[in-house]
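**Student:** Pasting a predicted model and its sequence here:
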Amino acid sequence: MLDSKPSHIDTGRWYDIKLTVAGKHVKCWLDGELIHDIDSAGGGGYNSLFATAATDAPSGDIIVKVVNTQAEPLEASLSLTGANLAGAGTATVLTSENAADENSLDAPAKVSPKTEPVTASGPTFARKFAGNSFTVLRLPTRK
């Protein structure tokens, strides 16, 4: 969530809700209390890229999982400080033009993973992540 706050809404009760948007600045009030004050132009931003990384203990491979929730591709810099990458790895990408796409009996492979080679020349590298995508990078390391 962009700016989550612990709270609750009671059923059967009316609330006064106010929302203002000025460019990239959003403010939200609930019953006269300012709940959210978000300024993405000031370095905040709307989060649409999420990532996690782990090491596969038996092989030593680094596995990075990245989700891009926006429709447009995003380029990001990955920094795997301390990793001794071996170079050639794989990227398995699950994506579709529309986030609501799903497989069916008529189109069983409409949304299906595609695997491609990926090369990381050092512990910091850039990669473009497709819109509406889930990407798994598997990067071998030198032992």
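**Tutor:** Good, I have the coordinates.

**Student:** quick one, what contacts Leu49?
**Tutor:** By C-beta atoms under 8 Å, 6 or more residues apart in numbering, the residues touching Leu49 are Val66, Val67, Asn68, Thr69, Gln70, Leu74, Ala76, Phe129. Just so you know, the C-beta spots here come from the backbone N, C-alpha and C atoms, and that holds for glycine as well.

**Student:** 10 Å - rerun?
**Tutor:** Shown in contact with Leu49 (C-beta atoms under 10 Å, 6 or more residues apart in numbering): Val66, Val67, Asn68, Thr69, Gln70, Leu74, Glu75, Ala76, Phe129, Ser133.

**Student:** go on, Ser7?
**Tutor:** Leu30, Ile35.

**Student:** How about the one 4 residues further on?
**Tutor:** Counting by C-beta under 10 Å, 6+ apart, Thr11 touches no other residue.

**Student:** now it: how far from Ala88?
**Tutor:** Look at Thr11 and Ala88: by C-beta to C-beta, to the nearest Å, they are 56 Å apart.

**Student:** quick one, domains of the protein?
**Tutor:** Domains of the chain are assigned by automatic domain parsing as 1-45, 49-139.
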